[in-house]
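Visitor: build me a model:
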Amino acid sequence: MIHSNSLFASAARVSHGAIGLRYFGAMLRDETAFQISDECAELGLRVGVMVLRDIAIGDSPTDLRRSIQSSAGEVRRRFSDIAAIRDTAEVQAFRRIYQAVGVNPNRHAPACQRMLEMAWRRGDLPRINTLVDLYNMVSIECLFSLGAHDLREVDLPLRLGMAARDESFTPLGSYGGEDLRCGEFAYFDARQRVVCRLDLVQADFTRITALTTDALLIVEGTPAHDQQTFEKASNALRTLAAGYCGGRSEIVVWPF
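Guide: Predicted coordinates:
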């Protein structure tokens, strides 16, 4: 659940009275854009997918960075220490899913946990670009795992499924290899390329850059994330993306 109003104050500042950005939950399943295997659904993974079109990616402006720092400060107020982050229901749900697929969450912490711990320690989050920065802010406010992929580089449908074999791929920002293990969950594109291992390691070929004009935005949660929290996150993401990246957004898959 969301415990502060800082994120939605940020969204309100950039909305400029925009109409049509608010979304009320209803289950959507566009299988031409995204598919989830029965095994992943049974693990408890709940996924929403948005398509962002005609966006412009740049450096985050001062007001967005201030909002991110405010959200990071709120993490410090909400959680007394790192152990409290790990004990919260949403993080525990991600950790149980990792354990269910044979991944030790103490060695490979879920993305949501990593972002929260980084915010708690630094009082800030890394400066990447407008889209990545704004969804990272939503992640620490709503306790989701979020990621974005350049639609020019991904062959749809994107699929969340279980790895049938060990394989290597090139992770974001690296020239070396990352190993996906048989039995782990992962995101694959229609050419069976690994797009993301677990919710943790994104492939380099789908990264968001200054050349990105269309993107696929993934909102990954668990049964610990209720419908209201999903809706608040979607409203904030769509409003913030419109304000800082322009373009338009469409929800193509939603779990409620």
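Visitor: what's the burial count for the nearest residue in space to G176 that is not next to it in sequence?
Guide: Once flanking residues are discounted, G176 sits nearest to T170: 7.5 Å by C-beta to C-beta, 6 or more residues apart in numbering. (Glycine included, C-beta is placed from N, CA and C.) Using other C-beta atoms under 10 Å, T170 has 14 other residues around it.
Visitor: ok, now R66?
Guide: Considering only other C-beta under 10 Å, R66 is surrounded by 12 other residues.
Visitor: pretty sure it sits in a helix.
Guide: Yes - assessed by DSSP: H, G, I helix; E, B strand; the rest coil, R66 belongs to a helix.
Visitor: tell me the spacing between it and A72.
Guide: In this view, R66 and A72 are 11 Å apart by C-beta to C-beta, to the nearest Å.
Visitor: N136 now?
Guide: Using C-beta to C-beta, we find N136 at a distance of 10 Å from A72.
Visitor: what touches both of the two?
Guide: Here N136 and A72 share the contacting residues L125, scored by C-beta atoms under 8 Å, 6 or more residues apart in numbering.
Visitor: where in this structure is pLDDT low?
Guide: In the predicted model, the chain carries pLDDT under 70 at residues 1-28.
Visitor: tell me which stretches of it form helices.
Guide: 6-15, 38-43, 62-78, 82-87, 89-100, 111-122, 130-142, 227-245 (DSSP state H).
Visitor: packing partners for the last one?
Guide: Just to be clear, that refers to helix 227-245. Packing partners of helix 227-245 (3 or more C-beta pairs under 8 Å, 6 or more residues apart in numbering; DSSP states H and E): helix 6-15, strand 46-53, helix 130-142, strand 215-221, strand 248-254.
Visitor: relative to helix 89-100, how tilted is it?
Guide: Inter-element angle recorded for helix 227-245 and helix 89-100: 100 degrees (by axes from the mean of the first three to the mean of the last three C-alpha atoms, to 10 degrees).
Visitor: give me the buried positions along helix 227-245.
Guide: 229-245 (16 or more other C-beta atoms under 10 Å).
Visitor: circling back to that earlier point, save the helices and strands packed on helix 227-245 as JSON lines, and put in distance to E153 and mean neighbour count too.
Guide: Formatted as JSON lines, the helices and strands packed on helix 227-245 follow (distance: least, C-beta to C-beta, whole Å; neighbours: other C-beta atoms under 10 Å):
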{"stretch": "helix 6-15", "distance to E153": "27", "mean neighbour count": "19"}
{"stretch": "strand 46-53", "distance to E153": "14", "mean neighbour count": "22"}
{"stretch": "helix 130-142", "distance to E153": "15", "mean neighbour count": "24"}
{"stretch": "strand 215-221", "distance to E153": "10", "mean neighbour count": "25"}
{"stretch": "strand 248-254", "distance to E153": "18", "mean neighbour count": "19"}
